[in-house]
Each structure stands twice: as C-alpha cells, then as structure tokens.
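Enquirer: quick one, what's the 3D model for this:
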Amino acid sequence: MRIAFYSPLKPASHPVPSGDREISRLFLRALRKAGHRVDVASRLRSYEGRGDSAHQQRIRRAGEALAARYIAKNSAAPPDLWFTYHLYHKAPDWIGPAVAEALRIPYAVAEASHAPKQARGPWAEGHDAVAEAIRRASCVICLNPADAVCMRDLLGGDERIHHIAPFMDTGPAAALATQRSSLRANLAGKLGIDPALPWIATTAMMRAGDKLASYRLLGQALRQI
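Expert: Below is the predicted model of the structure:
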C-alpha cells in the first residue's frame with residue numbers, strides 16, 4: 001500500500017527532539033516495516049502556540065496551497081491512504097482532509113485530540129478544523145484511551161476507533177545490554193552514584209506548567225520509597 005504520511009504538530013525531520021517527533025518516526029518505521037511504501041507528504045508545521053489568529057490564518061493558507069499542489073501532482077496516481085499523526089486544536093491538519101476528499105482516498109488519523117472547551121477560545125478555528133477532520137476519518141487510532149471519550153460524539157460511536165498501546169523501538173537498548181555493567185560503573189563514577197543501590201531514571205521535558213508539575217509529583221512519590 002502507498003501511504004501519504006503527515007505530522008502537523010512536528011515533522012519527523014524536525015531538529016528538536018521530543019516525544020511527538022519520536023512517535024512520528026516510530027509510526028513511519030512501523031508502517032514501512034509492515035511492507036507499505038510510506039512517503040512524507042508535507043513538512044509544514046501547523047502548530048501555533050500563542051493564540052495568534054493572524055499567524056493561524058497564514059498557516060492555514062500555506063496548508064491549503066500545499067494541499068492544492070499535492071492534489072494536482074498526484075491526481076493521476078494517488079496514494080492508497082492518507083495518514084496523519086497527532087492533530088489537535090493548536091496543530092490542525094489543513095492538508096490531509098482536502099487531499100483525501102479530492103483524490104477519493106481513505107483518511108486515517110492517529111492520536112487525534114478533541115477538546116470541546118476550546119470551541120470559543122483563541123484556537124477556535126483549529127478546534128473546528130480538527131473536529132471536521134475527525135468526523136471524516138475512516139479510522140481513528142488512539143494511543144491514549146482518554147482521547148476516545150470525545151471521539152465518540154464526533155464519530156457517532158466506536159466503530160471507527162481503534163486502540164493500540166504506545167510502542168517503542170527497543171533495538172538501541174538491546175544493543176547496549178551487553179555493556180550494562182561497564183556503562184553503569186562509568187556513569188556511577190561520573191555522577192557519584194552508588195552502583196550497589198537501585199537506580200531510577202526519567203527522561204522528559206522540564207518546562208513550566210504541567211511538565212514541571214509532573215516532576216514535582218514524581219519527586220513526592222519517590223520520597224515515599
């Protein structure tokens with residue numbers, strides 16, 4: 001199957017590491033490993049985090065222009081499926097729904113998020129665009145079961161909702177498993193950690209808001225053990 005792949009929040013080629021970029025890359029690798037031909041349809045980043053309506057409009061126009069260009073280029077030999085990973089009110093998909101409609105191909109989304117409370121906020125247009133994209137989707141893949149709650153109202157039930165567990169490529173870790181003792185001893189020496197004690201490590205963003213609050217909650221929990 002030939003699949004057109006798009007990540008509106010952050011393209012897989014983005015230079016800044018993040019969980020979203022990593023999962024985007026994992027989906028690309030998983031689909032290719034399954035035997036599909038997967039082409040990145042666009043690298044347009046539709047994310048707008050300040051609630052700037054003028055900027056949102058510029059992104060929308062860029063997306064619509066790219067959609068028109070893609071349709072013209074692929075009308076004779078369209079892909080079999082359009083696959084969008086991670087869309088929500090701050091990062092709507094301005095390309096995929098239009099392409100899928102024009103080329104008459106299925107539109108699938110993974111990790112879509114619908115937040116009704118944003119319907120009248122500074123990202124109202126993005127909210128509406130995401131809602132419409134979800135409604136027309138042939139398939140909605142949920143990694144977080146909580147996302148399905150708001151999906152059901154848009155889709156009229158569970159028929160198009162499919163749940164998969166979050167996944168990762170354990171290959172790099174497996175490749176280093178044989179060096180565990182030496183790596184642990186080296187890190188213990190650098191950081192002054194007792195190698196005889198159990199270690200707990202976490203790797204995630206530490207920024208103001210929910211991210212930092214999560215670290216504080218983790219710290220409180222660790223004090224109890």
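Enquirer: shaky segments in the chain?
Expert: Scanning the chain for pLDDT under 70 picks out nothing.
Enquirer: and the strands in it?
Expert: Using DSSP state E, the strands assigned to the chain run over residues 2-6, 37-42, 81-87, 107-112, 139-142, 161-163.
Enquirer: dump the ones you listed to a markdown table, plus distance to A65 and mean neighbour count.
Expert: Quick note: C-beta positions are derived from backbone N, CA and C, even for glycine. A markdown table is the format used below for those (distance: least, Cβ to Cβ, whole Å; neighbours: other Cβ atoms under 10 Å):
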| stretch | distance to A65 | mean neighbour count |
| --- | --- | --- |
| strand 2-6 | 15 | 22 |
| strand 37-42 | 11 | 17 |
| strand 81-87 | 17 | 25 |
| strand 107-112 | 19 | 23 |
| strand 139-142 | 27 | 20 |
| strand 161-163 | 32 | 15 |
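Enquirer: wait, which of the ones you listed is closest to S24?
Expert: Taking Cβ to Cβ, strand 81-87 is the member of these nearest to S24, at 5.3 Å.
Enquirer: partners of that closest one, with directions?
Expert: With DSSP bridges as the test, strand 81-87 is paired with strand 2-6 (parallel), strand 107-112 (parallel).
Enquirer: tabulate those (TSV), appending distance to P172.
Expert: Below are those laid out as TSV (distance: least, Cβ to Cβ, whole Å):
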stretch	distance to P172
strand 2-6	22
strand 107-112	23
